[in-house]
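>>> quick one, fold the following:
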Amino acid sequence: MDTYDKIVEILKEFTEEAITPDSHIIHDLGLDSLDTVEFVIRLEEEFDIEINDSDASETQVVKDIVSLVSQINI
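A predicted model of the protein is given here:
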């Protein structure tokens, strides 16, 4: 399973909306602030990475999250 697929699987824990690379996690998928924090924690656990707060707050579109995780996970 690639990074995108893993991220989609994690997002499915928080939303029933259709997820695409261009989905905005708040506006399109309906995550609230608590969901967003929990989502970031799940990403950090799944990929064994640390995402800083500014990156977490600025990265809201699925394809950008995939890019961020891929860059950190090198």
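>>> what residue lies at the spatial centre of the protein?
Nearest to the mean C-alpha position of the chain, counting by CA atoms, centre = their mean, stands residue 65 at 5.2 Å.
>>> tell me the secondary structure for that one?
The assignment at residue 65 comes out as helix when based on DSSP: H, G, I helix; E, B strand; the rest coil.
>>> so it sits right up against residue 22, yeah?
No: Residue 65 is beyond contact range of residue 22, at 11.6 Å (criterion: CB atoms under 8 Å). Using the backbone N, CA and C atoms, a C-beta is placed for each residue, glycine as well.
>>> I'd like to know how many residues surround the closest residue to the residue nearest to the centre of the chain other than its chain neighbours.
With CB to CB, 6 or more residues apart in numbering as the criterion, residue 65 has its nearest non-adjacent residue at 5.4 Å, and that residue is residue 59. Residue 59 has 18 neighbouring residues, counting by other CB atoms under 10 Å.
>>> what's in contact with the lengthiest helix in the chain?
Criterion DSSP state H: the longest helix present in the chain is helix 33-47. With CB atoms under 8 Å, 6 or more residues apart in numbering as the test, helix 33-47 has contacts from 3, 6-7, 10-11, 13-14, 25-26, 31, 49-51, 56, 65, 69, 72-73.
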